[in-house]
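Q: Sequence and predicted model, in that order:
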Amino acid sequence: MVINESALYKGQLWCAYELKDAHGRYNEEYRLFMRKESQKNMFICPDCKEPLILCAGPIMEPFFKHYDNSECIVRVSTAQRRNAAARRELYHLLRDSFPECTIELNKRIEENLTADLYVSGDTIYMAVCYLGYEMKLEEWEQKHAAFEAHGITDVWFLNDKQYTTPNITTFEYLLSKYYPILYYLNSDQAVITLKELVTVPGTSKTARFTKRYPIEELILEKNGSFLCDFDECRFAQAKILEESYQAKIREEEQKAAERREAYALLKERIQYHKEKNEKKNNMISDKQAANPLTQSAHLDKPAVVRKNMDGGELSQKTMKMTSIQELWDLKPLNGPGSLIKAAEYNRYLSLKALNKKLSVIEDTQIREQMIQNAIDLLSERLDAYHWKTVIAL
Ligand SMILES: [Zn+2]
């Protein structure tokens with residue numbers, strides 16, 4: 001069957017989709033009138049100039065057909081017939097968006113390049129294409145480049161029913177490289193969905209921002225974008241994403257502050273218990289001092305026992321103070337076993353530094369004073385906590 005979507009009527013191109021509104025309802029008076037015109041052979045094929053028959057039944061979308069004996073070329077493929085509802089909806093969208101322009105269906109631009117709908121007028125050259133199914137990737141790239149080479153703005157609508165999963169197809173990805181916002185037409189519902197990939201702040205994840213519009217609420221502009229509130233809504237959506245991200249950061253900062261506070265409190269508590277224990281120990285040692293019989297050799301032992309280098313025996317707690325030819329026997333530090341080793345090592349390093357300092361001081365009085373100061377400090381600091389770092393003696 002040789003069919004057309006438009007015909008010449010009184011010298012002007014007239015589209016059969018004019019008989020319906022955007023929702024596919026016939027204007028009955030118009031249909032009656034045009035059917036009568038058809039029976040008077042008022043519709044002419046733009047290609048072969050033969051008269052056409054206007055078919056406007058209740059099931060199929062309205063179209064024109066040639067008389068049976070026609071030899072005219074096939075103008076509309078079966079795919080285009082299948083997409084007739086989508087083409088009718090897009091026809092109405094374009095007619096409402098560009099009332100001053102000519103809209104042609106199935107416009108052939110060049111060999112292998114046809115626009116489903118073609119809008120031309122003052123400074124407007126637009127090809128609108130509907131894809132019931134995805135086409136081959138490179139074929140699409142070639143068509144897009146060809147439209148561009150002709151100075152034609154190409155606008156693509158995908159079949160919404162083909163995209164039911166949240167993940168994008170390779171074809172959508174390819175299109176998104178050329179168009180920030182993709183268009184999906186649901187011809188059953190006369191709804192166009194706009195979708196844009198947005199990056200979720202602070203992550204590498206992409207989210208698809210989507211908004212549906214009844215087709216009659218949209219106006220297409222000549223650069224191929226829609227005049228609608230999509231951008232505002234998208235910014236609002238992006239702001240919500242951004243805000244939830246900021247809220248998450250604030251929450252984490254809050255948690256970190258709480259952890260720091262808890263740690264500081266814990267440190268204070270440890271200090272408090274340590275001081276309490278020290279007081280207790282002092283009381284015990286005072287008692288022991290009052291009673292010389294209970295006094296143990298260990299408690300009695302001074303923090304540093306100074307011996308001559310030649311005569312002294314070496315133990316693990318002996319520090320060689322070579323600069324003054326002495327051996328210093330040190331008292332073991334108190335505290336948890338896990339700290340003592342590091343603390344005693346720090347004390348060793350502190351004494352090593354002192355030894356070095358003493359070796360360059362010639363004034364005996366100053367040297368004796370330094371030694372005394374160091375011994376005082378060593379006597380005060382018998383707790384491993386005191387030797388968390390090296391101390392200047
Ligand atoms: Zn024809």
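A: Happy to help now that I have it.
Q: didn't H144 look like it was pressed against D154?
A: Yes - counting by Cβ atoms under 8 Å, H144 touches D154, with 6.0 Å between them. All C-beta atoms are positioned from the backbone trio N, CA, C, and that covers glycine.
Q: So between these two, which is more surrounded?
A: D154 (23 against 18; other Cβ atoms under 10 Å).
Q: Surely the more buried one is in a strand?
A: Yes - assessed with DSSP: H, G, I helix; E, B strand; the rest coil, D154 lies in a strand.
Q: Not counting its neighbours along the chain, what's nearest it?
A: F147 (4.0 Å; Cβ to Cβ, 6 or more residues apart in numbering).
Q: Tell me how many other residues surround the one you found.
A: By other Cβ under 10 Å, the residues close to F147 number 20.
Q: go on, R234?
A: Burial of R234 is recorded as 18 neighbouring residues (other Cβ under 10 Å).
Q: show me the contacts for the closest residue to it other than its chain neighbours.
A: Leaving aside its chain neighbours, R234 sits nearest to F209 (5.1 Å; criterion: Cβ to Cβ, 6+ apart). Under the criterion of Cβ atoms under 8 Å, 6 or more residues apart in numbering, the contact list for F209 reads 195-198, 233-234, 237-238.
Q: redo that, cut-off 7 Å
A: By Cβ atoms under 7 Å, 6 or more residues apart in numbering, the contact list for F209 reads 195-196, 198, 234, 237.
Q: so for the host helix or strand of A7, what's the average pLDDT?
A: Using DSSP states H and E, the element containing A7 is strand 6-9. In this model, strand 6-9 carries a mean pLDDT of 93.
Q: Report the strands that pair with it, each with its relative direction.
A: Using DSSP bridges, strand 6-9 pairs in its sheet with strand 12-15 (antiparallel), strand 43-44 (antiparallel).
Q: Need the contact partners of the last one.
A: With contact meaning Cβ under 7 Å, 6+ apart, strand 43-44 is reached by 7-9, 51-52, 54, 64.
Q: can you rerun that using 10 Å?
A: Applying Cβ atoms under 10 Å, 6 or more residues apart in numbering, the contact partners of strand 43-44 are 4, 6-11, 14, 16, 34, 37, 50-54, 64.
Q: Now, of these, which are buried?
A: 4, 6-9, 14, 16, 34, 50-54, 64 (16 or more other Cβ atoms under 10 Å).
Q: thinking again about what came up before, the strand holding A7 close to the ion?
A: No - if you take Cβ under 5 Å from the ion as the test, strand 6-9 misses the ion, and the best it gets is 9.0 Å.
Q: Pull that strand out as CSV, backbone CA atoms only.
A: Only the C-alpha atoms of strand 6-9 are listed here, as CSV (Å, rounded to 0.1, in the frame of the first residue of the first chain):
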residue,chain,number,x,y,z
SER,A,6,0.6,14.7,4.1
ALA,A,7,-0.8,15.9,0.7
LEU,A,8,-1.1,19.0,-1.3
TYR,A,9,-4.5,20.7,-0.5
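Q: can you list contacts of it?
A: Contacts for strand 6-9 (Cβ under 10 Å, 6+ apart): 12-18, 34, 37-38, 42-46, 49, 51-54, 63-64, 75, 91, 103-106.
Q: Just give me the longest helix of this structure.
A: Secondary structure assigned by DSSP state H gives helix 230-290 as the longest helix of the chain.
Q: Count the neighbours of whatever residue of the stretch 151-300 of the chain ends up closest to the ion for me.
A: The ion sits closest to I152 of the stretch 151-300 of the chain, with a gap of 25.2 Å, by Cβ to the ion. If you count neighbours by other Cβ under 10 Å, I152 ends up with 20.
Q: now it, nearest residue through space, not along the chain?
A: Y125 (4.6 Å).
Q: With I391 instead?
A: Per Cβ to Cβ, 6+ apart, closest to I391 is S350, 4.8 Å.
Q: That concludes my questions; thank you for your assistance.
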